[in-house]
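*Asks:* can you look at this prediction? I've put the sequence above it.
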Amino acid sequence: MSVLVTGGAGYIGSHTCVELLEAGYDIIVIDHFQQSNIQSLNHVKQLTNKEFKIYHIDLINKDHLETVFLENSIDAVIHFASLKSVGESVHFPLKYYQNNIVGTLNLIALMQQYHVKKLVFSSSATVYGNTQEVPIKENAVLQTINPYGRTKLIIEEMLRDIYTSDNSWSITILRYFNPIGAHESGLIGEHTDGIPNNLMPYITQVAIGKRKELRIFGSDYPTKDGTGIRDYLHVMDLANGHVKSLNKMKDSKGLFTYNLGTGKGYSVLEIIQVFEKATGVNIPYRIVERRHGDSAVCYADPSKALKDLEWAAKRDIFDMCVDAWRWEKNLNASKV
Ligand code: UFG
């Protein structure tokens, strides 16, 4: 089975390429390499000892995108390509609507035209907004609070409409919780430009000495230690969730939505403690004001993915910290 992976050079995309190739899928990768680099794909080839085609293409350019459909026989698409910074989306909403929505429209239109009707879409727990009820089930109320989240929700709605209009499609929407960590080899991981927005890349940059201290955004949340609680998930487990989804879609039609998370919540202070234990490196921190838009607690009920896809996260928070740290050290040594 031949799978087109959009955004395949990115953080989650590159790890998923490894899992797909190891599971015996053939892949074709598209990326515009604005937030990623070719090196990650070279490392995917090195890790798997497999070759695949790479197209340097922006989904916004429908003519360029069409060449991929003309030149290849594609059975399914995994669509990762997306801008993903919440903060940037608030300042540049049009950029987000243009890239994420228009890019997806072009992709889906071509899939329809070339009769490629199997799609896995990379969504996010962001579509639940600041929900108060945890663990979060897939049927929770959908509400988004920033343009990035709205692009994910709009695409989900588009996909539901497409399936309603033509039920020969097979669509799987995966809502990721907080992916962290890196491939165990330390060869692929998350490339962060500038100051990281997310917790784990910030911690590893403090650990390596690039940043003085971690700022903890609020210690007055109604949680056990006052800091925010999230469902951190190893990126390789997340990658495996895509393979499990495709396996199921081989001979079934329908539109399915799954949470991919561990179902366990860890506070910011707990993450710091585990990281220090896993790596032996001290993380200095300072408590600052809450970050606008953050919720107190967010973790998944992943039982639907277990039941339907036979997927469950295998790696624990200790593994996630060890692998994130190995990646940061390699990155710093300029090996990757
Ligand atoms: N945090 C800090 N200091 C930092 C960074 C984060 O204290 O420097 C805290 C946050 O306040 C939060 C926790 O660490 O309590 C996790 O924050 P992240 O930024 O790592 O992750 P978020 O849960 O805020 O957001 C992530 C993705 C979003 C996605 C969302 C959905 O970044 O794209 O999960 O679950 F929409």
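*Replies:* Arrived safely, thanks for sending.
*Asks:* switch to C-alpha atoms for all contacts and neighbour counts from now on
*Replies:* Fine.
*Asks:* what does the chain put close to the ligand?
*Replies:* 84, 124-126, 177-178, 197-199, 202, 214-217, 228-229, 268, 291, 294 (CA under 6 Å from any ligand atom).
*Asks:* can you flag the buried ones in these?
*Replies:* Buried residues within the residues of the chain next to the ligand, counting neighbours by 16 or more other CA atoms under 10 Å: 124-126, 177-178, 199, 202, 214, 216-217, 228-229, 268.
*Asks:* which ones are touching the closest residue to Val274 other than its chain neighbours?
*Replies:* Excluding the flanking residues, the one nearest Val274 by CA to CA, 6 or more residues apart in numbering is Phe318, at 6.3 Å. Shown in contact with Phe318 (CA atoms under 8 Å, 6 or more residues apart in numbering): Val274, Phe275, Ala278.
*Asks:* cool, and Gly228?
*Replies:* Counted by CA under 8 Å, 6+ apart, Gly228 has contacts Gly218, Ser219, Tyr221, Ser267, Val268, Ser295, Ala296, Val297.
*Asks:* could you point out where this structure is predicted with low confidence?
*Replies:* 335-336 (pLDDT under 70).
*Asks:* quick revisit: which element is the residue nearest to Val274 on?
*Replies:* helix 317-332 (DSSP states H and E).
*Asks:* could you check how far that helix is from the centre of its chain?
*Replies:* 17 Å (CA atoms, centre = their mean, to the nearest Å).
*Asks:* could I get the buried residue list for it?
*Replies:* Applying 16+ other CA under 10 Å to helix 317-332 flags 317-331 as buried.
*Asks:* check stretch 260-272 too.
*Replies:* Buried-residue list, stretch 260-272, by 16+ other CA under 10 Å: Leu260, Gly261, Thr262, Gly263, Lys264, Gly265, Tyr266, Ser267, Val268, Leu269, Ile271, Ile272.
*Asks:* go on, stretch 269-287?
*Replies:* Leu269, Ile271, Ile272, Val274, Phe275, Glu276, Ala278, Ile283.
*Asks:* give me the residues contacting that stretch.
*Replies:* Applying CA under 8 Å, 6+ apart, the contact partners of stretch 269-287 are 203, 206-207, 212-219, 225, 227, 317-318, 321-322, 325.
*Asks:* how much space separates Ser82 from the ligand?
*Replies:* 11 Å (CA to the nearest ligand atom, to the nearest Å).
*Asks:* please begin residue numbering at 28 from this point
*Replies:* OK, 28 is where the count begins now, so the last one is Ser109.
*Asks:* give me every residue that touches the closest residue to that residue other than its chain neighbours.
*Replies:* Closest residue to Ser109 apart from its sequence neighbours, by CA to CA, 6+ apart: Asn127 at 5.3 Å. Under the criterion of CA under 8 Å, 6+ apart, the contact list for Asn127 reads Ala108, Ser109, Leu110, Thr178.
*Asks:* which residues in this protein form strands?
*Replies:* 29-33, 53-58, 80-83, 103-106, 145-151, 197-203, 205-207, 241-244, 256-257, 259-261, 281-287, 293-294, 312-315, 324-325 (DSSP state E).
*Asks:* quick check: which of these is nearest to Pro162?
*Replies:* strand 324-325 (7.3 Å; CA to CA).
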